[in-house]
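S.K.: Give me a 3D structure for the following:
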Amino acid sequence: MNLSRHLRLSLLLLAVMALLTGCGRKAYAPAGAGKPALVKVRFQTDWFPEPEHGGYYQALAKGYYAEEGLDVEIVPGGPNAQVLATVATGRADLGMTNGDDLIVAVARGLPLKMVAAEMQRDAQGILFHSANPIRELRDLGGKTIMAGTGSVWLQLVQKEYGIKFNIMPLVGDLARFMNDPTLVQQCFVTNEPYFARQRGAQVGALLIAHPGYEPYRAIFTSDAYMGKNWMIVRKFVHATLRGWTDYLTGDPTPGNQLLLKLRPDLTPEFLAYSIQAMKDYELVLGDPKRDERMGQLTPKRIETQIKRLQDIGVLEKPITLKDVATFEFLPDEAWPGGLKRMLQTY
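M.R.: Numbers count the residues shown, from 1 in each chain. Presented below is the predicted three-dimensional model:
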């Protein structure tokens, strides 16, 4: 997975704001004979089809979206996916992205909202050679890291631990990492460690997310689409969470078959590795010891994230929780004791 896709936000915003009006589309798919029309929904992913999108493909393959009356088109991303721009301008109805990127975008004027969490913590991590281990993020002091130069976590880690490190631009493959045992590379823990080991390297990986810095991997939509299609968003979230639960706790074969059809280069072994990594790191289903649930968004975590981003000066204007997220589309069981208790506690 090429992490440089998170770094184009600043280059997109002016173009996006110019396109925010006049973006229309047909809302419904053609009706079948004697059947009610399904509502057409375009969902934009951040990268090419892969197991990190498996829950969406599981929901599609098993008919969960259709059961909700939705005709969902999963639009693959890639290096130039521009997910935030695509949703903000109405070219897609919903999308998924890193929670940091969405908060920064909202502070710069894009009318977007998180509606659910795909992952309880982002899958970005640190890939290192076992001979040069990184046991905690403070160990990065003095190291050379190949990473996205605009990644927010780089600033946060240096400020939090009072350390400095050298940054090399992320090139999107493992060749340089494989040839330099001292190099540390930004990665997705569900992806690059597998391919490094396939090439014979002894490697370890450390998740960047830690208490106090745990950005969600968020499902989001635009304020305009949400305002006109409240029930559609709710149905999409419901079917998606059902798909993810089934993909990770049941038989993932239906979703994997769709992925392999779209990506013949993937292998069953890699699919199994990535699914297991999502379980091991408790990325999607969450950590039960912390009462985390599938899809859950919590006010405290989002407000903590906003404050951290404000503290390092990456937000262009003050924003609040209500500017970046809504909790109205999540099922009651997403919180211990239900939504009412969560709001009362908050």
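S.K.: CA atoms for contacts and neighbours, from now on please.
M.R.: Will do.
S.K.: for this protein, longest strand please?
M.R.: Longest strand in the chain, counting residues (DSSP state E): strand 112-119.
S.K.: Kindly export it (C-alpha atoms) in PDB.
M.R.: The C-alpha trace of strand 112-119 is given here as PDB (Å, rounded to 0.1, in the frame of the first residue of the first chain):
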ATOM      1  CA  LEU A 112     -17.500  16.600   5.500                       C
ATOM      2  CA  LYS A 113     -18.500  14.400   8.400                       C
ATOM      3  CA  MET A 114     -17.400  11.100   9.900                       C
ATOM      4  CA  VAL A 115     -20.400   8.800  10.200                       C
ATOM      5  CA  ALA A 116     -18.700   5.600  11.400                       C
ATOM      6  CA  ALA A 117     -15.300   4.100  12.000                       C
ATOM      7  CA  GLU A 118     -14.000   1.400   9.600                       C
ATOM      8  CA  MET A 119     -11.100   0.900  11.900                       C
END
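S.K.: Point out the other helices and strands that it packs with.
M.R.: If you count contacts as 3 or more Cα pairs under 8 Å, 6 or more residues apart in numbering; DSSP states H and E, strand 112-119 packs onto helix 99-107, strand 217-222, helix 321-324.
S.K.: Which positions within the shortest one qualify as buried?
M.R.: For helix 321-324, the buried set under the neighbour-count rule, 16 or more other Cα atoms under 10 Å, comprises 321, 323-324.
S.K.: how about JSON lines for these, with pLDDT and distance to Ile306 added?
M.R.: Converted to JSON lines, the buried residues of helix 321-324 look like this (pLDDT from 0 to 100; distance: Cα to Cα, whole Å):
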{"residue": "Leu321", "pLDDT": "96", "distance to Ile306": "8"}
{"residue": "Asp323", "pLDDT": "97", "distance to Ile306": "11"}
{"residue": "Val324", "pLDDT": "97", "distance to Ile306": "9"}
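S.K.: all strands of this protein, in order?
M.R.: Applying DSSP E to the chain gives strands spanning 39-44, 70-75, 94-98, 112-119, 124-129, 144-147, 166-169, 184-188, 203-207, 217-222.
S.K.: Of those, which is nearest Gln58?
M.R.: In this view, the strands of the chain are compared for proximity to Gln58 by Cα to Cα, and strand 70-75 is the closest at 11.5 Å.
S.K.: Mind giving me the packing neighbours of the closest one?
M.R.: By 3+ Cα pairs under 8 Å, 6+ apart, strand 70-75 packs against strand 39-44, helix 54-61, helix 64-67, helix 230-249.
S.K.: which of the residues in it are buried?
M.R.: 70-72, 74-75.
S.K.: one step back: and the helices and strands packed on strand 112-119, which is most packed in?
M.R.: Of all those, strand 217-222 has the most neighbours on average by mean count of other Cα atoms under 10 Å, namely a mean of 26.
S.K.: Other residues contacting that strand?
M.R.: 87-88, 90, 93-99, 111-122 (Cα atoms under 8 Å, 6 or more residues apart in numbering).
S.K.: Just the angle for that strand relative to strand 39-44, thanks.
M.R.: 130 degrees (axes from the mean of the first three to the mean of the last three Cα atoms, to 10 degrees).
S.K.: Each with direction, which strands does strand 217-222 pair with?
M.R.: strand 94-98 (antiparallel), strand 112-119 (antiparallel) (DSSP bridges).
S.K.: could you give me the average pLDDT of the last one?
M.R.: For strand 112-119, mean pLDDT is 98.
S.K.: for the first one, same thing?
M.R.: Per-residue pLDDT values over strand 94-98 give a mean of 95.
S.K.: Give me the residues contacting it.
M.R.: Taking Cα under 8 Å, 6+ apart as the rule, strand 94-98 contacts 6, 41-46, 83-84, 87, 118, 122, 215-222.
S.K.: okay, the helices and strands packed on strand 112-119 in CSV with distance to Lys261 next?
M.R.: Output for these, formatted as CSV (distance: least, Cα to Cα, whole Å):
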stretch, distance to Lys261
helix 99-107, 29
strand 217-222, 24
helix 321-324, 35
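S.K.: The ones you listed: which one's closest to Pro268?
M.R.: strand 217-222 (24.5 Å).
S.K.: per-residue pLDDT, Phe236?
M.R.: For Phe236, pLDDT reads 98.
S.K.: That one touches Tyr65, doesn't it?
M.R.: Yes - with contact defined as Cα atoms under 8 Å, Phe236 reaches Tyr65; the gap is 6.8 Å.
S.K.: where in this protein is pLDDT low?
M.R.: 1-35, 149, 344-346 (pLDDT under 70).
S.K.: can you list the domains in it?
M.R.: When the chain is parsed with automatic domain parsing, its domains come out as 3-27+37-120+216-345, 124-207.
S.K.: Now distance to Pro79 too, for the strands paired with strand 217-222, in JSON lines please.
M.R.: Below are these laid out as JSON lines (distance: least, Cα to Cα, whole Å):
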{"stretch": "strand 94-98", "distance to Pro79": "13"}
{"stretch": "strand 112-119", "distance to Pro79": "20"}
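S.K.: Kindly provide the distance from the spatially most central residue of the chain to Gly55.
M.R.: Nearest to the mean C-alpha position of the chain, counting by Cα atoms, centre = their mean, stands Arg217 at 3.1 Å. Per Cα to Cα, to the nearest Å, Arg217 is found 13 Å from Gly55.
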